[in-house]
Structure formats: structure tokens, C-alpha cells
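Visitor: coords please:
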Amino acid sequence: LLVLRILHGIAFSVSGTSNMALASLYIPRNRMGEGLGYFSTGFLLGQAIGPTLAISLRDAYGYQLMYMLVAALITVPPLFFLWVKLPKVASAARRENRPRLRMWHNLVVKKAVVYALVCGLFSFYNGEINSFIVLIGEERAIQNVSLFFTVSSLTLLLVRLFFGKLTDRINLSLVVNVSLLFSIVSMLITGSAISLLPMLAAAVLKAMGQGVGQVALQSQAIKSADESKVGAATSTMYIGSDLGNTLGPAVGGLLSKQYGYQVMMYSSVVISLGFILVFNLYQHGKVKQK
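Guide: Numbers count the residues shown, from 1 in each chain. Got it, this is the predicted structure:
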């Protein structure tokens with residue numbers, strides 16, 4: 001089972017990176033944020049429908065047939081690639097750069113590293129929430145705190161559907177700073193809330209910050225990379241997100257065990273302020289270089 005889980009993780013990471021890289025080749029550069037916003041709704045719908053569908057299949061047919069049906073579903077998407085061709089520009093760039101490809105040279109796109117770290121901050125907060133929001137609700141006797149996930153998911157879906165195009169029209173620094181501020185306010189509310197309504201408000205703010213901020217950063221990272229390095233830029237962004245998802249629960253667990261959930265959330269605020277400083281210094285440096 002452990003080996004299968006590792007294989008699943010490898011497959012998930014490769015498919016996520018390659019899917020976004022491929023999608024970006026068909027999206028006009030001046031509409032990258034809008035396109036990635038639409039694209040990411042596929043993941044959100046899958047996360048929303050998948051568990052419910054799997055449980056229904058398990059209850060009706062048992063685990064073995066459930067996994068067989070899911071395996072059959074997974075074989076369908078690759079068939080679409082029989083009719084999909086890379087854009088001519090991307091194909092030419094790939095052929096031109098193939099002799100010079102080196103694994104370590106293409107593992108990370110330097111221009112995207114800061115964006116990946118900030119993107120990872122959103123995932124850091126997301127990892128904390130996923131791991132501890134139910135425990136926070138139990139400690140504070142907040143009924144139905146699991147609605148946090150429902151409200152957050154719905155808001156995230158709407159934000160990425162309708163606000164992705166804003167990231168193409170508004171200055172990146174403004175979009176990311178406002179998104180980070182939304183996340184910070186959400187952290188502050190979560191750290192002090194003792195009833196359900198403030199928690200749901202925090203869920204909305206969290207989703208708005210993550211939904212707009214991550215898409216804006218992913219879009220800029222891809223636009224800043226050459227056609228032949230779109231996959232590497234996408235991979236760089238995923239590395240940041242994966243680090244955030246890993247460190248969020250780990251750091252949150254240590255802090256909550258020693259100092260409680262309120263200090264855990266307020267510590268995330270301090271970390272976020274540090275990331276705001278780093279991001280703005282980086283953006284200021286880019287402007288000066290121009």
C-alpha cells in the first residue's frame with residue numbers, strides 16, 4: 001500500500017505539472033490569469049465530486065469494483081490527446097531547445113522562485129486550516145465548524161470562475177498584496193473567533209485571497225518563462241505549493257501543541273507579513289532593473 005501511495009503521488013505531481021503547462025500553451029498570454037482560473041475549476045470540481053462519488057460507489061458495489069471503475073475513468077482523458085496537437089510555436093521551441101536540455105538547469109525557473117514561495121504561503125495557511133479547523137471548533141465549542149470547508153470551496157470556485165480575468169488587467173503587486181491581506185485578516189479572525197459566523201467570514205476571505213493570489217502568481221510565472229520552459233515554471237510553482245502544504249500542518253502542529261491555536265494563527269500572520277516584505281522588495285527590484 002505504501003508503494004502504491006508513492007506511485008500515486010508521483011502520478012499526481014507529474015499530471016498536475018504537465019496539465020497546467022499544456023493548458024498554458026493554448027491560453028493567450030494577455031489572458032493567462034483568466035484561462036488558469038477556468039482551468040483550476042476542473043481540480044475544484046474533481047475535489048468536490050470525487051469523494052461523494054467514491055463513497056456512493058463503495059456503498060453500492062464495494063471497494064474493489066469502486067477502484068476498478070475509477071481506474072476505467074482515468075483511462076479516458078489520455079484518449080483526448082489523440083486529437084490534441086501542440087501549438088506550432090511551442091513545438092518549434094521544444095525542438096530548438098532539446099539538445100541543450102539538462103535536468104538540473106530546467107528543474108527550477110529562477111524568475112519564478114519568489115512567486116512560488118508566496119504561492120506556498122497560501123498553501124501553508126491552507127494546510128493549517130485543513131489540519132486544525134475541526135480541532136479549533138471542538139476546543140471552542142463551535143457547532144458545524146466543518147461548514148468552513150464548504151463555504152471556502154464554493155467561494156474559491158466562484159472567485160476562480162469570475163475574478164481570474166482581473167489578474168490580467170490589474171498590476172500584479174496590487175493583486176498579490178490585497179490577496180495576502182485578505183489571508184492575514186482571515187488568520188486573525190480564525191485565531192480569535194468563538195462562534196460560527198466569524199469562522200465562515202474567515203473562510204470567505206481565505207478563499208478570496210488564495211483564489212485570486214495563487215492564479216495571479218501562477219500566471220505571472222508562466223508568462224515570465226520562455227515557451228520551452230513553461231513546464232519548468234509550472235513545476236517551480238508546484239514545488240512552492242507542496243512545501244507550503246507540507247510545512248503548514250507540521251509547523252502548525254508544533255506551535256499549537258506548545259502555545260495553542262490562537263498563537264499558531266497569529267504566528268502565521270507574522271510569517272505572512274515577512275512574505276509581503278520579500279515579495280514587494282523583489283517587485284521593486286524588478287522595476288529598478290527595467
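Visitor: what is the mean pLDDT for stretch 200-210?
Guide: Average pLDDT, stretch 200-210: 94.
Visitor: what residues does that stretch touch?
Guide: 122, 125-126, 129, 147-149, 151-156, 159, 179-183, 185-187, 189-190, 193 (Cβ atoms under 8 Å, 6 or more residues apart in numbering). Placement of C-beta: from N, CA and C, glycine included.
Visitor: before we move on, what about stretch 69-82?
Guide: For stretch 69-82, contacts defined as Cβ under 8 Å, 6+ apart pick out 54, 57, 61.
Visitor: can the residues you listed go into TSV with extra columns for secondary structure, distance to residue 286 and pLDDT?
Guide: Listed next are those as TSV, based on DSSP: H, G, I helix; E, B strand; the rest coil; distance: Cβ to Cβ, whole Å; pLDDT from 0 to 100:
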residue	secondary structure	distance to residue 286	pLDDT
54	helix	45	80
57	helix	50	85
61	helix	55	90
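Visitor: just those residues now: which is nearest residue 256?
Guide: residue 54 (30.3 Å; Cβ to Cβ).
Visitor: Among the contacts of stretch 200-210, name the buried ones.
Guide: By neighbour count, with 16 or more other Cβ atoms under 10 Å, the contacts of stretch 200-210 hold 122, 125-126, 129, 148, 151-153, 155-156, 159, 179-183, 185-187, 189-190, 193 as buried.
Visitor: Can you list which of those residues are found in helices?
Guide: Among these, DSSP state H puts 122, 125-126, 129, 148, 151-153, 155-156, 159, 179-183, 185-187, 189-190 in helices.
Visitor: Sketch out the low-pLDDT regions of the stretch 101-250 of the chain for me.
Guide: Scanning the stretch 101-250 of the chain with the threshold set as pLDDT under 70 gives 101-107, 228.
Visitor: Spell out the residue ranges of the strands in it.
Guide: Using DSSP state E, counting those that start in this stretch, no strands are assigned anywhere in the stretch 101-250 of the chain.
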